[in-house]
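>>> from the sequence below, what's the structure:
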Amino acid sequence: MGFGLVVRFTAHDEEAAAAFDRLAAEALDGIRAHEPGTLVYVNHRVPDEPAVRVFYELYADREAFEKHEEQPHVQRFLTERGQYLESFEVTFLDELAAKISPATGGTR
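Next up is the predicted model:
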């Protein structure tokens, strides 16, 4: 079963949100290069809320998530993100059922 989470980040303002996006993009480069167990990692902008970002993350399993958290690029993101944020809220998800496009290589 997959393991996922949704995180809602609220930046101080639009300028801080842009800086946060740059930090997140740097982390995403490392995720793409070094994390085969990270299946989906998406930073969403929220319409009509310019300082809000929502991440959707899906991992092959809890172990893949734990490996993700240990990566240097993720540690840097976790350490530096606070300077841009007013708040964040994490919701962990356990997969019940799924449809995954064959184009992603998924079979669940």
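
>>> surely Ala98 forms part of a strand?
No: according to DSSP: H, G, I helix; E, B strand; the rest coil, Ala98 belongs to no strand; its state is coil.

>>> burial of it, as a residue count?
Ala98: 12 surrounding residues under other C-beta atoms under 10 Å. Where you see a C-beta, it was placed from the backbone N, CA and C, and this is true even at glycine.

>>> kindly report the same for Val42.
Count around Val42 with other C-beta under 10 Å applied: 10.

>>> tell me the buried residues in the top helix by length along the chain?
Assignment by DSSP state H gives helix 14-34 as the longest helix of the chain. The neighbour-count check on helix 14-34 (16 or more other C-beta atoms under 10 Å) flags Ala16, Ala17, Ala19, Phe20, Leu23, Ala24, Ala27, Leu28, Gly30, Ile31 as buried.

>>> of those residues, just say which sits nearest to Val7.
Distance to Val7 across the buried residues of helix 14-34 (C-beta to C-beta) is lowest for Ala24, with 10.6 Å.

>>> please report how far the residue nearest to that closest one when sequence neighbours are not counted lies from Ala60.
Nearest residue to Ala24, sequence neighbours excluded (C-beta to C-beta, 6 or more residues apart in numbering): Asn43, at 5.0 Å. Using C-beta to C-beta, to the nearest Å, we find Asn43 at a distance of 20 Å from Ala60.

>>> for Thr91, which three-state class applies?
For Thr91, the secondary-structure state derived from three-state DSSP is strand.

>>> what is the neighbour count of the nearest residue to it once chain neighbours are set aside?
With C-beta to C-beta, 6+ apart as the criterion, Thr91 has its nearest non-adjacent residue at 4.8 Å, and that residue is Val6. Val6 has 14 neighbours, counted by other C-beta under 10 Å.
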